[in-house]
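Asks: dropping the sequence and predicted coords here.
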Amino acid sequence: MLSVLALLLLSQPLVQTPPPAQKPPVAQKKKDEKPKKEEKPKVQKPKKQAERPIATLETAKGTIQIELEPTEAPVGVSNFINLAQRGFYDGLTFHRIEADLVQGGDPLGNGTGGPGYTIPYEQNRGLKNTKGVVGMARGPERDSAGSQFYILKRDVPGFDLNGYTLLGRVTAGQDVLEKLVLGDKITHISITVPSSYKPRPFGPTHPAEPQALFYPNLPEDAASRTYSRTVKVKIAVSVTGGVDVNLTQGSGDEEIDDAILEAIRQWQWQPALKNGQPVAQTLEFVYDLATHSRRVGGKE
């Protein structure tokens, strides 16, 4: 009986019970490991545009604001800023008024004058002769611009073929151009220069020169006095043309020396220029009372 039962059990198929489901192992954090922060997407900031020099041109009819473009004409812009800061344009007239433009910057007031030097022509890349653009006027040669400038009242595309250096454009006061008439004056041009602006050296280098001379008013009996006909003079000329005059070797007659100093202090001077920029200069020369001539030797 037992043998029969054993046979029956062996004949039954085996049923395997699956093992209990195992949870996946949990990764243990290292003690020094810090949780990673979610990286925020980088936001690109818009590039800041370079600041440009601003010229504010004052007239009796209103104010014109001009944004200058040094990248377009580094030499021309440096020259314009230099002249404006020296007060060169103050009181000069608009000697040319037409339907398309106004023009000024001539110390003679007739279209033939300038600062006493010229600057090279510069080929513009972005600026065109459109309404509000400021350009350098010139003579027949491309490298003949100096101080005269024009401002366009409307587009003049033909100028783009003629080789004019363009300096910038009007950003405020375009309506003032329509009010100007022949002979209206430039009251003043002020310049606002950003700290990033670097002027471009340009143009002339020459010593200070007197523009107007005055002769000494000597005493009536000077011919009967004994004194030296030549004296040595030392003059310090500032960047604005102001002077400090001293006699380093007089004539031997105090009254005549005073007359000489009084006359020379009235001389009007053009300051020295170095690469187009005004610089202070000290001049020493021998002044001849007989011929009113001077022999100059100077140093900066």
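Replies: Perfect, thanks for sending it.
Asks: CA only for contacts and neighbour counts going forward, please
Replies: Noted.
Asks: residues contacting stretch 159-178, please?
Replies: Contacts of stretch 159-178 with the rest of the structure, by Cα atoms under 8 Å, 6 or more residues apart in numbering, involve 61-70, 72-73, 76-77, 102, 121-124, 127-129, 132-138, 142, 153.
Asks: inside strands: which ones of those?
Replies: With strands taken from DSSP state E, the overlap with these comprises 62-68, 102, 133-136.
Asks: list just the nearest of these to Phe285.
Replies: The closest of those to Phe285 turns out to be Met136 (Cα to Cα; 37.6 Å).
Asks: and the ones in strands among the contacts of stretch 159-178, which of them are buried?
Replies: 63-68, 102, 133-136 (16 or more other Cα atoms under 10 Å).
Asks: Gly116: neighbour count?
Replies: If you count neighbours by other Cα atoms under 10 Å, Gly116 ends up with 9.
Asks: which single one of the buried ones among the ones in strands among the contacts of stretch 159-178 is nearest to His95?
Replies: Val102 (8.1 Å).
Asks: may I have the beta-bridge partners of the closest one?
Replies: Per DSSP bridges, residues listed as beta-bridge partners of Val102: Ile97, Ile151.
Asks: tell me the contacts of it?
Replies: With contacts taken as Cα under 8 Å, 6+ apart, Val102 has the following neighbours: 94, 96, 150-153, 177, 180.
Asks: out of those, which is nearest to Phe285?
Replies: When the contacts of Val102 are compared for distance to Phe285 (Cα to Cα), Phe94 wins out at 39.1 Å.
Asks: skipping its backbone neighbours, what lies nearest Glu262 in space?
Replies: In space, Glu262 comes closest to Pro216 once its chain neighbours are excluded; the distance is 7.2 Å by Cα to Cα, 6 or more residues apart in numbering.
Asks: just to revisit the earlier point, among the contacts of Val102, who's most crowded?
Replies: Result: Ile151 is most packed of the contacts of Val102 (other Cα under 10 Å), 26 neighbours.
Asks: correct me, but that residue touches Val134?
Replies: Yes - using Cα atoms under 8 Å, Ile151 is in contact with Val134, at 4.6 Å.
Asks: what bridges to the nearest residue to Thr192 once chain neighbours are set aside?
Replies: Across the structure, with Cα to Cα, 6+ apart as the measure, the residue nearest Thr192 apart from its sequence neighbours is Ile54 (5.1 Å). Assessed by DSSP bridges, Ile54 has beta-bridge partners Glu67, Thr192.
Asks: dump the residue contacts of Ile54.
Replies: Applying Cα under 8 Å, 6+ apart, we find Ile54 in contact with 65-68, 191-193.
Asks: then Arg265?
Replies: Taking Cα under 8 Å, 6+ apart, we find Arg265 in contact with 243-245.
Asks: can I get those in a markdown table with distance to Val233 and secondary structure?
Replies: Output for the contacts of Arg265, formatted as a markdown table (distance: Cα to Cα, whole Å; DSSP: H, G, I helix; E, B strand; the rest coil):
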| residue | distance to Val233 | secondary structure |
| --- | --- | --- |
| Val243 | 12 | strand |
| Asp244 | 11 | strand |
| Val245 | 7 | strand |
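Asks: how about Val193, phi and psi?
Replies: Recorded main-chain torsions at Val193 are phi -110, psi 120, according to degrees, to the nearest 10.
Asks: residues near the closest residue to it other than its chain neighbours, how many?
Replies: Leaving aside its chain neighbours, Val193 sits nearest to Pro53 (4.6 Å; criterion: Cα to Cα, 6+ apart). When neighbours are counted by other Cα under 10 Å, Pro53 registers 21.
Asks: what does Thr118 give?
Replies: Using other Cα under 10 Å as the criterion, the residues surrounding Thr118 number 18.
Asks: how close does the closest residue to it other than its chain neighbours get to Asn82?
Replies: Distances taken as Cα to Cα, 6+ apart place Gly146 nearest to Thr118, at 4.6 Å, with adjacent residues excluded. Shown here: Gly146 relative to Asn82, a distance of 12 Å by Cα to Cα, to the nearest Å.
Asks: looking at those two, which one has more neighbours?
Replies: When neighbours are counted by other Cα under 10 Å, Gly146 and Asn82 differ, and Gly146 comes out ahead with 25 against 17.
Asks: look up the residues forming beta bridges with Glu284.
Replies: Where Glu284 sits in a bridge, its partners, by DSSP bridges, are Lys234, Gly297.
Asks: okay, it: pLDDT?
Replies: On the pLDDT scale, Glu284 is placed at 93.
Asks: that one touches Val237, doesn't it?
Replies: No - at 11.0 Å, Glu284 and Val237 do not qualify as touching, with contact defined as Cα under 8 Å.
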